[in-house]
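*Asks:* based on what follows, work out the 3D shape:
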Amino acid sequence: MLYEYECKSCKKRHELHRPAAQFNDPAICPACQSDDSQLVIGTPEFAGAKVEDAEYNPGLGCVTRNKAHRAEIAKRKGLVEIGNETPDNMIKTEIADRERKAARSWDEC
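*Replies:* Sure thing, here's the model as predicted:
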């Protein structure tokens, strides 16, 4: 979680990512290196890869929970997601297209 602290020595505020269990542990001020920063009372912000929020998907016209849920809804509606190819797959497709065009141009001569 992301917590905000205020240094008692230099009065500057700074944010610190740390587990919820460590929110009350001493925090070192990045400005003056003092270890007497105090937690600013407020609502902590969640940060990190484990937090997944549902979001409205305008293409599907509904709220999706995650990538798998989005794919399931698209399949149910008969839609195919485009633009999510991996770079390796894009290169293979480009090479195949070029080979096909080159073979066709030789046939036309």
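*Asks:* give the buried residues for the helix or strand hosting Arg70.
*Replies:* Here Arg70, judged by DSSP states H and E, is contained in helix 67-76. For helix 67-76, burial by neighbour count (16 or more other C-beta atoms under 10 Å) applies to Arg70, Ile73, Ala74. In this view, the C-beta of every residue, glycine as well, is placed from N, C-alpha and C.
*Asks:* which ones are touching the last one?
*Replies:* Looking back up the chat, that one is Ala74. Counting by C-beta atoms under 8 Å, 6 or more residues apart in numbering, Ala74 touches Leu60, Val80, Glu81.
*Asks:* change it to 10 Å
*Replies:* Contacts for Ala74 (C-beta atoms under 10 Å, 6 or more residues apart in numbering) come out as Asn57, Gly59, Leu60, Thr64, Val80, Glu81.
*Asks:* do you know how far it is from Gly59?
*Replies:* Separation of Ala74 from Gly59 (C-beta to C-beta, to the nearest Å): 8 Å.
*Asks:* next one: the second one
*Replies:* Taking C-beta to C-beta as the measure, Ile73 and Gly59 are separated by 10 Å.
*Asks:* who touches both of these two?
*Replies:* Joint contacts of Ile73 and Gly59 (C-beta under 10 Å, 6+ apart) are Leu79.
*Asks:* how about low-confidence regions in the protein?
*Replies:* Along the chain, the parts satisfying pLDDT under 70 run over 42-53, 84, 105-109.
*Asks:* domain assignment for it?
*Replies:* Following automatic domain parsing, one finds the domains of the chain at 2-39, 55-108.
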